[in-house]
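>>> using only what follows, build the 3D model:
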Amino acid sequence: MSLPTLWHLHHRGYALQLVGRRWAATLLAGCGWPVHTLPGPLKERVRLLRRLRQEGQLHDPDFGKRLNTLLLTNSFSSAFETWLAGLNTVGYRQDGRGWFLTHPVPQPAHPLHESQRFWGAAATLTPPQDNDPDLKPGTHDAIPSPEQMQWPHLPLTDSARERALTLLYQAGLLEEAGARHNPHGPGSLAGHTHPVDYPTPAIRPFAILIPFATGTLEGNSKAWPGFPALCRQLAERMPVLLVPGPGAETARAHADYPTARSLDDVPLDVYAALLSHATLVVANDTGPGHVAAAVGAPLLSVLGPTNTARYRALGPHVHLAQSRPWPSEEAVWQQVAQMLAGQAVTPPGHDR
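Predicted coordinates:
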């Protein structure tokens with residue numbers, strides 16, 4: 001959900017240095033921005049941030065004279081750590097952290113989607129301009145709606161795409177006529193510095209289910225209970241893949257989804273590449289669902305207690321099934337059938 005804001009900053013000329021959790025470096029490798037993994041201990045975090053401040057001052061003599069750090073997090077600790085490192089920060093004022101922000105941003109007066117909140121936090125760094133390439137024509141709002149943003153796709157590395165194709169080949173999902181394999185990555189050959197026209201393998205239709213979700217909302221699980229039934233029904237029409245996390249998720253994938261193929265121990269960037277090739281993705285309120293939206297996969301987001309106005313996945317190919325406590329299995333299957341019919345893939349029992 002932060003991608004529109006990050007690309008907006010990039011297009012305004014900012015040389016981004018991202019700091020976040022370990023998974024961010026893998027997932028964002030295709031964007032070209034340096035990503036630094038935030039250490040655990042406070043002392044090491046501050047040391048990293050101070051080093052980045054010093055490097056910024058070496059490259060830009062005015063670095064320390066202006067706002068130079070955007071906090072997309074809401075935590076007290078992130079404001080405190082950047083203050084200790086001597087950075088000039090901008091971020092939302094909340095939970096008493098405004099004292100540690102150089103430019104505290106007031107909380108929005110009305111509810112916003114997270115993508116809008118990120119954009120609003122960065123607004124001080126990106127004053128409005130005419131013909132903004134990150135906004136659709138005619139947009140003049142200081143904080144645009146998600147529909148007014150030019151929603152970017154998540155770039156993927158050639159390495160991630162190649163490894164995804166290898167997994168699909170092993171799963172029997174590449175058409176034989178198009179299964180020529182380029183070990184140096186799609187669109188490139190060893191020793192070439194420019195893209196090479198290399199045939200892309202034809203991929204058979206397949207679905208990815210994302211039935212796992214951690215945590216609760218309002219005391220309710222974030223995982224829709226109808227996924228096993230959906231998997232059995234969908235597997236009658238096309239191969240179904242699961243890409244579980246380690247430990248308990250992997251065990252559940254093998255035990256609860258016998259009609260699906262489980263791809264275990266898949267790195268996040270390769271997972272994103274797999275999602276980009278899927279005919280259909282059905283997901284809970286969970287991170288991989290947002291990744292599916294970011295790579296442009298046809299996504300059905302199945303939600304129960306989630307606050308969709310703030311947290312739902314967004315993108316031009318995202319569909320939503322939500323009711324409380326949960327959508328029925330029949331309602332979800334009807335939306336699956338409609339999405340597949342739109343792609344000329346007919347579910348069982350639904351004649352075209």
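
>>> residue 31 against residue 157, yeah?
No - Residue 31 is beyond contact range of residue 157, at 9.6 Å (criterion: CB atoms under 8 Å). In this view, the C-beta of every residue, glycine as well, is placed from N, C-alpha and C.

>>> and stretch 98-111, how far out from the chain middle?
25 Å (CA atoms, centre = their mean, to the nearest Å).

>>> ok, and what's touching that stretch?
Applying CB atoms under 8 Å, 6 or more residues apart in numbering, the contact partners of stretch 98-111 are 67, 71, 79-80, 82-83, 88-94, 97, 116-117, 120-121, 123-124, 143, 309-310.

>>> if you set the cut-off to 7 Å instead, what comes out?
Contact with stretch 98-111 is made by 67, 79-80, 83, 88-94, 117, 120-121, 124, 309-310, as judged by CB atoms under 7 Å, 6 or more residues apart in numbering.

>>> flag every buried residue along that stretch.
Buried residues in stretch 98-111, defined by neighbour count with 16 or more other CB atoms under 10 Å: 100-105.

>>> quick one: the helices in the stretch 51-200 of the chain?
Ranges of helices in the stretch 51-200 of the chain, per DSSP state H, counting those that start in this stretch, are 76-84, 114-122, 158-170.

>>> winner for burial among those?
Mean neighbour count, computed with mean count of other CB atoms under 10 Å, is highest for helix 114-122 among the helices of the stretch 51-200 of the chain, reaching a mean of 21.

>>> could you give the mean pLDDT of that one?
What helix 114-122 shows for mean pLDDT is 94.

>>> can I get it in PDB? Just the C-alpha atoms.
C-alpha atoms of helix 114-122 as PDB (Å, rounded to 0.1, in the frame of the first residue of the first chain):
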ATOM      1  CA  GLU A 114      -3.700   3.300   4.200                       C
ATOM      2  CA  SER A 115      -2.400   4.300   0.700                       C
ATOM      3  CA  GLN A 116      -3.900   7.700   1.300                       C
ATOM      4  CA  ARG A 117      -2.400   8.000   4.800                       C
ATOM      5  CA  PHE A 118       1.000   7.300   3.400                       C
ATOM      6  CA  TRP A 119       0.500   9.900   0.700                       C
ATOM      7  CA  GLY A 120      -0.700  12.400   3.200                       C
ATOM      8  CA  ALA A 121       2.400  11.800   5.400                       C
ATOM      9  CA  ALA A 122       4.600  12.600   2.400                       C
END
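
>>> which residues touch that helix?
Helix 114-122 has contacts (CB under 7 Å, 6+ apart) with 1-2, 4-5, 8-9, 70, 72, 90-92, 105, 108, 112, 143-144, 146, 149, 310-311, 314.

>>> list the contacts of the nearest residue to residue 239 once chain neighbours are set aside.
Among residues not flanking residue 239 along the chain, residue 206 sits closest, at 4.5 Å (CB to CB, 6 or more residues apart in numbering). Shown in contact with residue 206 (CB under 7 Å, 6+ apart): 173, 238-239, 241, 278-279.

>>> for residue 158, see how far away residue 206 is.
Per CB to CB, to the nearest Å, residue 206 is found 22 Å from residue 158.

>>> do residue 114 as well
Residue 114 is 30 Å from residue 158, by CB to CB.

>>> could you do residue 172 as well?
Residue 172 is 23 Å from residue 158, by CB to CB.

>>> does the residue nearest to residue 279 when sequence neighbours are not counted count as helix, strand or coil?
Of all residues not flanking residue 279 in the chain, residue 205 sits nearest, at 4.2 Å (CB to CB, 6+ apart). Counting by DSSP: H, G, I helix; E, B strand; the rest coil, the backbone at residue 205 sits in coil.

>>> so where's the stretch 201-350 of the chain uncertain?
Applying pLDDT under 70 to the stretch 201-350 of the chain picks out residues 216, 219, 344-350.

>>> what about the strands in it?
Taking DSSP state E, counting those that start in this stretch, the strands of the stretch 201-350 of the chain run over residues 207-210, 216-217, 220-221, 240-242, 261-262, 280-283, 299-303, 318-322.

>>> list the neighbouring strands of the third one plus their orientation.
The strands beside strand 220-221 in its sheet (DSSP bridges) come out as strand 216-217 (antiparallel).

>>> now swap in the fifth one and tell me
Note on strand 261-262: by DSSP bridges, its sheet partners are strand 240-242 (parallel).

>>> quick one: residues in contact with the strand it pairs with.
Residues from elsewhere that reach strand 240-242 (CB under 7 Å, 6+ apart): 171, 206-209, 231, 234, 253, 257, 259-263.

>>> could you redo the last one with a cut-off of 6 Å?
Outside strand 240-242, the residues that touch it by CB atoms under 6 Å, 6 or more residues apart in numbering are 207-209, 231, 234, 253, 257, 260-263.

>>> distance to residue 61 added to the helices of the stretch 51-200 of the chain, as JSON lines?
Formatted as JSON lines, these follow (distance: least, CB to CB, whole Å):
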{"stretch": "helix 76-84", "distance to residue 61": "21"}
{"stretch": "helix 114-122", "distance to residue 61": "23"}
{"stretch": "helix 158-170", "distance to residue 61": "37"}
